[in-house]
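> sequence first, predicted coordinates after that:
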Amino acid sequence: MGLFMYPSCRAAGFILSPLPFIIQKGVTTVKGSGDMPKKPNKPCKHPGCPKLTEGIYCEEHREVHRSDRMTSNKRGYDSHWRRARKRFLAAHPLCESCRENSILVAATVVDHIIPHRGDDRLFWDESNWQALCKRCHDSKTMTEDRYQEYRY
């Protein structure tokens with residue numbers, strides 16, 4: 001397999017090889033060696049900010065929005081919850097969702113069947129709890145629990 005190189009590339013010191021390559025000055029990087037293109041930057045989510053950023057907020061607004069979500073302790077997942085969770089998982093060691101499909105998987109998460117959304121009564125009601133594996137919990141959360149349902 002022959003090499004194709006513009007004369008100006010040779011003069012500028014680019015190195016080429018017969019392998020699939022990415023041309024960089026003074027370096028040949030073989031494709032598939034871990035160099036992946038980066039995602040394009042997106043606009044900052046702060047209202048009215050036109051700056052582009054790799055994350056959600058630009059450097060200027062990152063600190064402003066750091067406390068937008070309460071910590072897990074403030075949302076009720078404190079040491080009292082961790083003890084109750086541990087006790088519940090000991091009593092219900094298998095994932096309910098997987099067990100319905102005749103698969104035995106260890107449960108690692110206590111899920112609120114009806115999302116509590118800050119309601120303490122619903123949060124601590126053990127009849128509203130179910131033991132799930134992480135995979136089933138993440139799937140349920142992203143499909144069923146993702147958006148708040150309004151009842152009129």
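Arrived safely.

> from here on, contacts and neighbour counts on C-alpha atoms
Will do.

> burial count for Lys134?
Using other CA atoms under 10 Å, Lys134 has 16 neighbouring residues.

> quick one: average pLDDT of stretch 121-137?
Per-residue pLDDT over stretch 121-137 has a mean of 94.

> which residues touch Glu116?
Rather than Glu, residue 116 is His. Residues near His116 by CA atoms under 8 Å, 6 or more residues apart in numbering: Leu122, Phe123.

> and the pLDDT at it?
For His116, pLDDT reads 85.

> for it, pull up the helix or strand it's in.
Take DSSP states H and E as the rule and His116 turns out to sit in neither a helix nor a strand.

> elements contacting the helix ranked longest in the chain?
Secondary structure of the chain per DSSP state H: the longest helix is helix 79-91. Other helices and strands packing on helix 79-91, by 3 or more CA pairs under 8 Å, 6 or more residues apart in numbering; DSSP states H and E, are strand 109-112.

> okay, buried residues for the next helix or strand after the strand it packs on please.
Downstream of strand 109-112, the next assigned helix or strand under DSSP H and E is helix 120-124. Under the neighbour-count criterion of 16 or more other CA atoms under 10 Å, helix 120-124 has Leu122, Phe123 buried.

> which residues make contact with the longest helix of the chain from outside it?
Helix 79-91 has contacts (CA under 8 Å, 6+ apart) with Ala107, Thr108, Val109, Val110, Ala131.

> try it again with 10 Å
Contacting residues not belonging to helix 79-91 are listed as 73, 76-77, 92, 95, 106-111, 123-124, 126, 129-132 [CA atoms under 10 Å, 6 or more residues apart in numbering].

> in this structure Leu122 contacts Ile114, no?
Yes - judged on CA atoms under 10 Å, Leu122 makes contact with Ile114 at a distance of 7.8 Å.

> and the strands in the protein?
For the chain, the strands defined by DSSP state E occupy 21-24, 27-30, 42-43, 52-53, 109-112, 129-132.

> report all helices and strands that the last one contacts.
Contacts defined by 3 or more CA pairs under 10 Å, 6 or more residues apart in numbering; DSSP states H and E place strand 129-132 against helix 79-91, helix 96-100, strand 109-112, helix 134-143.

> good, we can wrap up now.
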